[in-house]
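Undergrad: coordinates for the following, if possible.
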Amino acid sequence: MVVTVEQRVQSWLDGPFDLETKAEIRRLLAHDPKALSDAFFKDLSFGTGGMRGIMGIGTNRLNIYTIQMATQGLANYLKKQPPSDGEQHTVFIGYDVRHHSREFAEETAKVFAGNGMRVLLSKEICPTPLVSFACRYYRCSAGVMITASHNPPQYNGYKVYWSDGCQVVPPHDAEILKEVEKIKSPAQVSVRTAFTEIGPEIDTAYLTELKQLQMLPNLAQVPLKIVYTNLHGTGIRLLPKALKEWGYTSLSLVEKQLPLDGSFPCAPSPNPEEEKALQLGTEQLMREKGDILLATDPDADRLGVVAQGVRFTGNQIACLSLYHICTTLASKKQFPENAAFIKTIVTTELFKTIAEAFGGKCIDVLTGFKYIGEQIGIWEASFDAYQFLFGAEESYGYLFGTFVRDKDAISSACLIAEAAAAAKKQNLTLVDRLHQLYRKYGIHRESLTHLAFTDSKAGMDQMNALMHGLRKKPPLQIGGVAVSSMEDYLCGYGLLPPSDVLRFWLADGSKLVIRPSGTEPKIKIYAEVVQKADRDLPSAIAACDRRLHKFIEEFSELSSLH
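TA: Okay, here's the model as predicted:
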């Protein structure tokens, strides 16, 4: 049955909603009917990992009611599962600096408590990786993180974790979604104010685990100068302490971006992938003649790095971190025979080349860090298991070790600081190290672009037609280079589950990955160009970048013909 906007609005006016909410609905009815329609034209989507949206009243907005109803659905699914400790379900809840995050976290806690569960609520703002860790540390059945990551200030979100500390994956994700869709009114929600606040004890436990990952403690004697910006977010809770535990005490903070503020006043787009977000930190790095700038997004699961004025891509940070792990363990004769690494299918092939050069196993998973966390669990449960060391995705997410099962900017910051110290001990910078990788393994340059469509049925039809056209008649060459093969993941490919993704391999080792965005009306294009390094490395890099630009330009033109 199709429910109209008017019916959704009336259900809120007639239903068990607070008077302030109803007054705002009436105000919008009288003065801004379009805004009211936007807020009620559909139910906010609860996807396979949770939900994310603009905050405000309405069924298509994040508010205490949509939070409560989603939590009731999750609680109903949990009650069908055996508790992790065999007695009672325990749930850990964290939240970031965004507006209403603490309020949404408390509402989440009340619903779990109302369903007879033991609820652990972070006493203060909480990095996302700490929620993953806490799920494992407290033997929780599930966890919830209130965050919208690096989205603009008007957004917030609700991210769900399972007992292993990994974001929910099949079959749990689809089954949770079914239960959430059954909850249509706050009248179906059970609420009770009963939860335990968790303070510094979880920080101490996390830092203790992290310290065990340190490979070269003597490098702390190298005078490494670090600048750090938390972009107004949660990283400030743990990252400075973590660096200090590893011995890196020369740390200066970007003061203007330090205050915990969900409006992100000095970081309008609080995303370490974007140059503007790192501008203040980069200027401070150059002014103080520091070695590296570290930047974490508001929930501290993504890490950006700058050295010598160069802003590294997520692919480059991943490869620098990986190479440091491999060389360090190999030099200490501690590189495991069954060492294993994981990357997503859109992440640079340089990552795989480095891992295999040291004798490690490297596998691809679908885009989304939850698949990296899932794979770690699969290996742990296998009798012929590989030993996971490091995983990465191109969108600035990395995981070192296994005590967390999601991308972790805090452990990654310690790792890249150690890599920078190791380079500095040899009178090198991370830029020099990257160039060493290019000389040794070939120049790999990557880019992400997209084809935008209207947010409408017509736009969706165009996107589907483009993907269908590429499948039916794939290009024979791109950028003057022959296409050697195409991998279609729509029905699953190899051991990977089905996904609307195409990956093209070219004769020279370059690749192109095409996939529709799961949240926006756009098709993402991930391109990677590879070529051998020559004596004039800067010129070779520039030539590779020109090839990359031509590669993307030509494919975009080809796509417009479908």
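
Undergrad: helices of the stretch 201-350 of the chain, start to end?
TA: Under the criterion DSSP state H, counting those that start in this stretch, the stretch 201-350 of the chain contains helices at 201-211, 239-245, 279-287, 314-331, 349-357.

Undergrad: return the most buried member of these.
TA: Comparing the helices of the stretch 201-350 of the chain by mean neighbour count (mean count of other Cβ atoms under 10 Å), helix 314-331 ranks first with a mean of 22. Quick note: C-beta positions are derived from backbone N, CA and C, even for glycine.

Undergrad: residue 257: which of the helices of the stretch 201-350 of the chain is closest?
TA: Among the helices of the stretch 201-350 of the chain, the nearest to residue 257 by Cβ to Cβ is helix 279-287 (6.1 Å).

Undergrad: max-length helix in this protein?
TA: helix 537-560 (DSSP state H).

Undergrad: for it, C-alpha coordinates in CSV please.
TA: Presented in CSV, the C-alpha positions along helix 537-560 are these (Å, rounded to 0.1, in the frame of the first residue of the first chain):
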residue,chain,number,x,y,z
LEU,A,537,61.0,10.3,-11.8
PRO,A,538,59.2,13.7,-11.5
SER,A,539,58.7,13.7,-15.2
ALA,A,540,57.5,10.1,-15.3
ILE,A,541,55.0,10.8,-12.5
ALA,A,542,53.7,13.9,-14.5
ALA,A,543,53.4,11.7,-17.6
CYS,A,544,51.5,9.1,-15.7
ASP,A,545,49.1,11.7,-14.3
ARG,A,546,48.5,13.0,-17.9
ARG,A,547,47.7,9.4,-18.9
LEU,A,548,45.4,9.1,-16.0
HIS,A,549,43.5,12.2,-16.9
LYS,A,550,43.2,11.1,-20.5
PHE,A,551,42.1,7.7,-19.3
ILE,A,552,39.2,9.1,-17.3
GLU,A,553,38.3,11.7,-19.9
GLU,A,554,38.0,9.1,-22.7
PHE,A,555,36.0,6.7,-20.5
SER,A,556,33.6,9.4,-19.5
GLU,A,557,33.0,10.2,-23.2
LEU,A,558,32.5,6.5,-23.9
SER,A,559,30.0,6.3,-21.1
SER,A,560,27.9,9.1,-22.5
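
Undergrad: any residues touching it, and which ones?
TA: 435, 438-439, 443, 445-447, 449, 451, 466, 470, 475, 478-480, 510, 512, 523, 525, 527-534 (Cβ atoms under 8 Å, 6 or more residues apart in numbering).

Undergrad: domain ranges for the chain?
TA: 1-41, 45-198, 200-440, 443-560 (automatic domain parsing).

Undergrad: state the distance from residue 359 to residue 335.
TA: For residue 359, the distance to residue 335 equals 7 Å [Cβ to Cβ, to the nearest Å].

Undergrad: higher neighbour count, the two?
TA: Remark: of residue 359 and residue 335, residue 335 carries more neighbours, 17 against 13, as counted by other Cβ atoms under 10 Å.

Undergrad: quick one: contacts for the residue lying closest to the more buried one once chain neighbours are set aside?
TA: Excluding its sequence neighbours, the residue lying closest to residue 335 (Cβ to Cβ, 6 or more residues apart in numbering) is residue 329, at 4.2 Å. Taking Cβ under 8 Å, 6+ apart, we find residue 329 in contact with 215, 335, 336, 339, 389.

Undergrad: ok, the residue nearest to the first one when sequence neighbours are not counted - contacts?
TA: Using Cβ to Cβ, 6+ apart and skipping the chain neighbours, the partner closest in space to residue 215 is residue 328 (4.7 Å). Residues in contact with residue 328, defined by Cβ under 8 Å, 6+ apart, are 215, 216, 422.

Undergrad: kindly report the same for residue 94.
TA: 105, 122, 126-128, 130-131, 134, 143-147.

Undergrad: and the strand or helix carrying it, which strands flank it?
TA: If you go by DSSP states H and E, residue 94 is part of strand 90-95. Sheet pairing here is set by DSSP bridges, and for strand 90-95 it gives strand 118-122 (parallel), strand 142-146 (parallel).

Undergrad: between these, which one is closest to residue 160.
TA: Of all those, strand 142-146 sits nearest to residue 160, with 6.0 Å by Cβ to Cβ.

Undergrad: residues in contact with the closest one?
TA: Against strand 142-146 from outside (Cβ under 8 Å, 6+ apart): 50, 71, 74, 78, 89, 91-96, 98, 101, 104-105, 108, 126, 128, 131-132, 134-135, 156-163, 165, 299.

Undergrad: next step: those residues restricted to helices.
TA: Short answer: these in helices (DSSP H) are 71, 74, 78, 101, 104, 105, 108, 128, 131, 132, 134, 135.

Undergrad: which two of those have the greatest separation?
TA: 78 and 101 (22.2 Å).

Undergrad: neighbour count: those two, which is higher?
TA: Neighbours per residue, other Cβ under 10 Å: of residue 78 and residue 101, the larger number sits with residue 101, 25 against 21.

Undergrad: surely that one meets residue 234?
TA: No: at 9.7 Å, residue 101 does not count as touching residue 234 under the criterion of Cβ atoms under 8 Å.

Undergrad: for the two, list the residues in contact with both.
TA: Listed as contacting both residue 101 and residue 234 by Cβ under 8 Å, 6+ apart are residue 125.

Undergrad: I figured residue 356 hits residue 362, correct?
TA: Yes: proximity of residue 356 to residue 362 meets the contact threshold set by Cβ under 8 Å, at 5.9 Å.

Undergrad: just checking, what packs against the strand or helix carrying residue 36?
TA: According to DSSP H and E, residue 36 maps onto helix 33-40. Other helices and strands packing on helix 33-40, by 3 or more Cβ pairs under 8 Å, 6 or more residues apart in numbering; DSSP states H and E, are helix 5-14, helix 19-31.

Undergrad: that older thread, need the helices of the stretch 201-350 of the chain in JSON lines (columns: distance to residue 368).
TA: JSON lines is the format used below for the helices of the stretch 201-350 of the chain (distance: least, Cβ to Cβ, whole Å):
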{"stretch": "helix 201-211", "distance to residue 368": "23"}
{"stretch": "helix 239-245", "distance to residue 368": "24"}
{"stretch": "helix 279-287", "distance to residue 368": "28"}
{"stretch": "helix 314-331", "distance to residue 368": "14"}
{"stretch": "helix 349-357", "distance to residue 368": "17"}
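
Undergrad: looking at those helices, which is closest to residue 270?
TA: helix 279-287 (11.9 Å).

Undergrad: that older thread, quick one: which of the contacts of residue 328 is nearest residue 304?
TA: For these, the closest approach to residue 304 (Cβ to Cβ) belongs to residue 422, at 20.1 Å.

Undergrad: quick check: buried residues in the strand or helix carrying the closest one?
TA: Using DSSP H and E, the element containing residue 422 is helix 409-425. Buried residues in helix 409-425, defined by neighbour count with 16 or more other Cβ atoms under 10 Å: 409-424.
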